[in-house]
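Engineer: build me a model:
(4 chains)
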2 protein chains.
Amino acid sequence: MALKFAILGILADFGPQSGYDVKSMFEQGPSHVWTADLSQIYRTLSNLVSEQFVKVEEDTDSARGRKVYSITSEGVAALKNWLSEDYEILPVREPGLLRLYFSSHIPPKRVKEQLRTLKSQLEVSHAEYISMTDAIQHGAQYKPQAAIYWQFTLDMGLQWLQAYIDWCEKTLEKLEELDQ
Amino acid sequence: MALKFAILGILADFGPQSGYDVKSMFEQGPSHVWTADLSQIYRTLSNLVSEQFVKVEEDTDSARGRKVYSITSEGVAALKNWLSEDYEILPVREPGLLRLYFSSHIPPKRVKEQLRTLKSQLEVSHAEYISMTDAIQHGAQYKPQAAIYWQFTLDMGLQWLQAYIDWCEKTLEKLEELDQ
DNA sequence: TTTTAATATATGTATTGTCATATATGCAAC
DNA sequence: GTTGCATATATGACAATACATATATTAAAA
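Structural biologist: Residues are numbered from 1 along each chain as shown, chains lettered A, B, ... in the order given. Next up is the predicted model:
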């Protein structure tokens, strides 16, 4: 569901391109809110063509069998329709926190190690997100209105990471106290 | 993967029970970190029996065809093994934020409505999480060590919700400014 | 010149999850 | 007494995703 509209969004924002291009646009763009691998992108593009939300043309210039996908007017309508829908909160799916939930079965020492590992990974992620801000500033020259929303979603990612990092620290402190 | 160990965890913490019971334990317990529907729970229990991590007994007392599942020693070992694994950050999957990412295609007025709806839903969730704290305090009488970890994961849920709510407000303010 | 990496598309398979549906018992309310 | 709800298990169908694999071209590096 979501991937379908992510692809429509990319085609709407950045024009006709190959499935391979869509993948790299994804990586440079909304990868912090959604991800997909190439095989999934190709399959979803096929479905979008069947639904007539996207049309394909063979790229005669390249001998690589390159296909250029572009969004149709029906596709734009479908995208806008989806964008207008109300938000709904989905159930959380955090394998890491699920693990912690049952961690009374392993030694607290191990749990503390895991939390420290998690914290350092989150800090790496946080630094990466910060660097994405530059990419958005760059993109803002071409797509100023869109860039505002890109920054909003990145801000949420940063908030979420910061909250997670703070929680790691606080939880580690609490575990230290319990040891004494 | 995760559900498998969630079920093992529930059987380890709360003893032998039916698939139906596992579902309600889930709802009362780790529903804020993982969810599953009944059909998925039954299928996963079958798999766990095949793997010999769980064993079944027909409940002869009930004419309802009730089956009682219990964790085996191999199951406990598998659970502890999984619990000891390092955390790894998974790619984010937020359909709501994906929507916002491409929202330059719809009027800002609509986006603001969506954010207000989202915020009120998050506030409802937040209140529900707060009330779960009571359930944990109650469970702490029987499972004091486990309850510490339950509270940790719930705290993270609360932090995440609070960060999301704050971000909604901030983002709404920014959208208001842009209108002027 | 050969090898490696990037570009480019596509399918097979397994896993997970969702939703619908079927079936049957036990118990309480009306 | 029958209606409705909670208890209880199970399967079929479908969608999304992940991972492996196959194939072929192009361009740069060794």
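
Engineer: look through chain A and tell me its longest helix.
Structural biologist: Ranked by residue count under DSSP state H, the longest helix found in chain A is helix A:144-179.

Engineer: report the distance from that helix to the chain centre.
Structural biologist: 16 Å (Cα atoms, centre = their mean, to the nearest Å).

Engineer: how about it: buried residues?
Structural biologist: The neighbour-count check on helix A:144-179 (16 or more other Cβ atoms under 10 Å in any protein chain shown) flags A:146-165, A:167-168, A:171-172, A:175 as buried. Where C-beta positions appear, they are placed from N, C-alpha and C, glycine not excepted.

Engineer: helices and strands around it, which ones?
Structural biologist: helix A:108-139, helix B:95-101, helix B:144-179 (3 or more Cβ pairs under 8 Å, 6 or more residues apart in numbering or on different chains; DSSP states H and E).

Engineer: could you redo the last one with a cut-off of 10 Å?
Structural biologist: helix A:2-14, helix A:95-101, helix A:108-139, helix B:95-101, helix B:108-139, helix B:144-179 (3 or more Cβ pairs under 10 Å, 6 or more residues apart in numbering or on different chains; DSSP states H and E).

Engineer: out of those, which comes closest to A:Met25?
Structural biologist: helix A:2-14 (4.9 Å; Cβ to Cβ).

Engineer: count of neighbours near A:Pro91?
Structural biologist: Other residues near A:Pro91 number 10, with proximity taken as other Cβ atoms under 10 Å in any protein chain shown.

Engineer: count of residues packed around the closest residue in space to it that isn't next to it in sequence?
Structural biologist: Excluding the flanking residues, the one nearest A:Pro91 by Cβ to Cβ, 6 or more residues apart in numbering or on different chains is B:Thr35, at 4.1 Å. Neighbour count of B:Thr35, defined by other Cβ under 10 Å: 16.

Engineer: where's B:Thr35, which helix or strand?
Structural biologist: Secondary structure assignment for B:Thr35, by DSSP states H and E: no helix or strand.

Engineer: OK, contacts around it?
Structural biologist: B:Thr35 is in contact with A:Leu90, A:Pro91, A:Val92, A:Arg93, B:Leu3, B:Ala6, B:Phe26, B:Glu27, counting by Cβ atoms under 10 Å, 6 or more residues apart in numbering or on different chains.

Engineer: neighbour-wise, give me the winner out of the residues you listed.
Structural biologist: Within the contacts of B:Thr35, B:Ala6 tops the neighbour count with 27 neighbours, counted by other Cβ under 10 Å.

Engineer: now that one: how far from DNA strand C?
Structural biologist: Per Cβ to the nearest atom of the strand, to the nearest Å, B:Ala6 is found 9 Å from DNA strand C.

Engineer: that residue against A:Pro95, yeah?
Structural biologist: Yes: with contact defined as Cβ atoms under 10 Å, B:Ala6 reaches A:Pro95; the gap is 9.3 Å.

Engineer: which neighbours do these two share?
Structural biologist: In contact with both B:Ala6 and A:Pro95: B:Val33, B:Trp34, using Cβ under 10 Å, 6+ apart.

Engineer: so, low pLDDT: which residues of chain A?
Structural biologist: Along chain A, segments meeting pLDDT under 70 span A:63.

Engineer: before we move on, what SS does A:Lys55 have?
Structural biologist: Under DSSP: H, G, I helix; E, B strand; the rest coil, the three-state class of A:Lys55 is strand.
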